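K.L.:
based on what follows, work out the 3D shape:
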Amino acid sequence: MDLKYNLEELGYEILDIVDNAQEAVDIAAEKCPDITIMDIKLKGPMTGIEASKLIMQLDLPVIYLTANTDDGTFGDALENSPSYAFIGKPFDKKILKHNIECAINRSDIENEKLNLAYGFVK
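P.N.:
Modelled structure (predicted):
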């Protein structure tokens, strides 16, 4: 809930909060959020890394926010689902805000490039 309150203070709308990977994937597919903030350790059989891989296949950006910042976990995340950022807990609100803004900007640029490549013009 601390994250939710911090994000709302920064002006972001929270679409949903879930504690398992499958729900995160389902909600991302249904609501197409501007960004998903994902923890790596979640309830259930699927990890946040596995969920992020599925969410990114929908061309939706993901930021990891996790207490699991060891090199092995970071390497696994980087290799299997390269997110837009990897932030350790506890987080600094300013760093979180800047990473969210960078991720959304990068996603917008990538989507614009895809649209141009496919011949879609604004």
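K.L.:
need the residues that contact whichever strand or helix holds residue 95.
P.N.:
Using DSSP states H and E, residue 95 sits in helix 93-117. Outside of helix 93-117, the residues within contact range by Cβ atoms under 8 Å, 6 or more residues apart in numbering are 6-7, 9-10, 12, 34-35, 37, 59-61, 63, 65, 84-85, 87, 121-122. Just so you know, the C-beta spots here come from the backbone N, C-alpha and C atoms, and that holds for glycine as well.
K.L.:
my guess is residue 22 contacts residue 51. True?
P.N.:
Yes. Here residue 22 reaches residue 51: they are 7.4 Å apart, a contact under Cβ atoms under 8 Å.
K.L.:
between those two, which one's more packed in?
P.N.:
residue 51 (27 against 16; other Cβ atoms under 10 Å).
K.L.:
give the contact list for that one.
P.N.:
With contact set as Cβ under 8 Å, 6+ apart, residue 51 has these partners: 21, 22, 24, 25, 38, 42.
K.L.:
quick one: which of those sit in helices?
P.N.:
Using DSSP state H, the members of the contacts of residue 51 that fall within helices are 21, 22, 24, 25.
K.L.:
which pair of those residues spans the longest distance?
P.N.:
With Cβ to Cβ as the measure, no two of those lie farther apart than 22 and 24, at 7.2 Å.
K.L.:
what about the strands in this protein?
P.N.:
When assigned using DSSP state E, the strands of the chain occupy the ranges 36-38, 62-66, 85-88.
K.L.:
now the angle from the longest one to helix 93-117?
P.N.:
Regarding strand 62-66 and helix 93-117, their directions subtend 160 degrees when assessed with axes from the mean of the first three to the mean of the last three Cα atoms, to 10 degrees.
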